[in-house]
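Next input, structure requested:
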Amino acid sequence: ILTSLEKLEVAPPSPGQLRHVFFHNALPFVGFGFLDNAIMIAAGTQIELSIGVVLGISTMAGAALGNLVSDLAGLGLAGYVEALASRLGLSIPDLTPKQADMWQTRLSAHLGKAIGVTIGCILGMFPLLFFGDEEEKLEEKN
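Numbers count the residues shown, from 1 in each chain. Here you go, the predicted structure:
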């Protein structure tokens, strides 16, 4: 005989559901991390090589201004990244509201976001492959 309290208990999400939560959260953050780093590196480098030379700002000031440009671009691109992620067919995990609020689900979602943005940021470093020559030319001028 089950008591009324036992009837209200909800089973935790299955490993498959937790994987679904993980990937559902990771995929958009790969896009966010990629765009954020790629734009920041490209903008920061160009700011340092143009405005930075004229105004004499430091490399870190150029990086900070590049981060500002990247953050502003991220505000405008966020909807597109989310739309693309949803178009790739990753549906919302099928969880009850109680399951969605369980620590296992929240942990899986946070890990997905953290790992997704880490992968995206690493991939977003690709502009560094193209900027070696400009930095050498800048050093030669000084």
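
When you work out contacts or count neighbours from here on, use the C-alpha atoms and nothing else.
Fine.

list the buried ones in stretch 119-129?
Neighbour-count burial for stretch 119-129 flags 119-121, 123-125, 127 (criterion: 16 or more other CA atoms under 10 Å).

cool, and stretch 11-22?
In stretch 11-22, counting by 16+ other CA under 10 Å, buried: 12-13, 17-22.

Kindly report the same for stretch 73-87.
For stretch 73-87, the neighbour count (16+ other CA under 10 Å) marks 74, 77-78, 81, 85 as buried.

pLDDT of the top helix by length along the chain, averaged?
In the chain, with assignment by DSSP state H, the single longest helix is helix 15-49. For helix 15-49, the mean per-residue pLDDT is 93.

how far is it from where the chain is centred?
Put simply, helix 15-49 sits 3 Å off its chain's centre (CA atoms, centre = their mean, to the nearest Å).

Now do the buried residues in that helix.
Neighbour counts over helix 15-49 (16+ other CA under 10 Å) mark 17-49 as buried.

returning to that earlier point: just curious, which of the buried residues of stretch 11-22 is nearest to Leu68?
Top of the list for closeness to Leu68, among those and by CA to CA, is Phe22 at 29.1 Å.

Run a quick check on the closest one versus Ala114, I expect a contact.
No - Phe22 is beyond contact range of Ala114, at 10.0 Å (criterion: CA atoms under 8 Å).

Overlap of the contact sets of these two?
With CA atoms under 8 Å, 6 or more residues apart in numbering applied, the contact sets of Phe22 and Ala114 do not overlap.

just curious, which of the buried residues of stretch 11-22 is nearest to Ser91?
His20 (8.6 Å).
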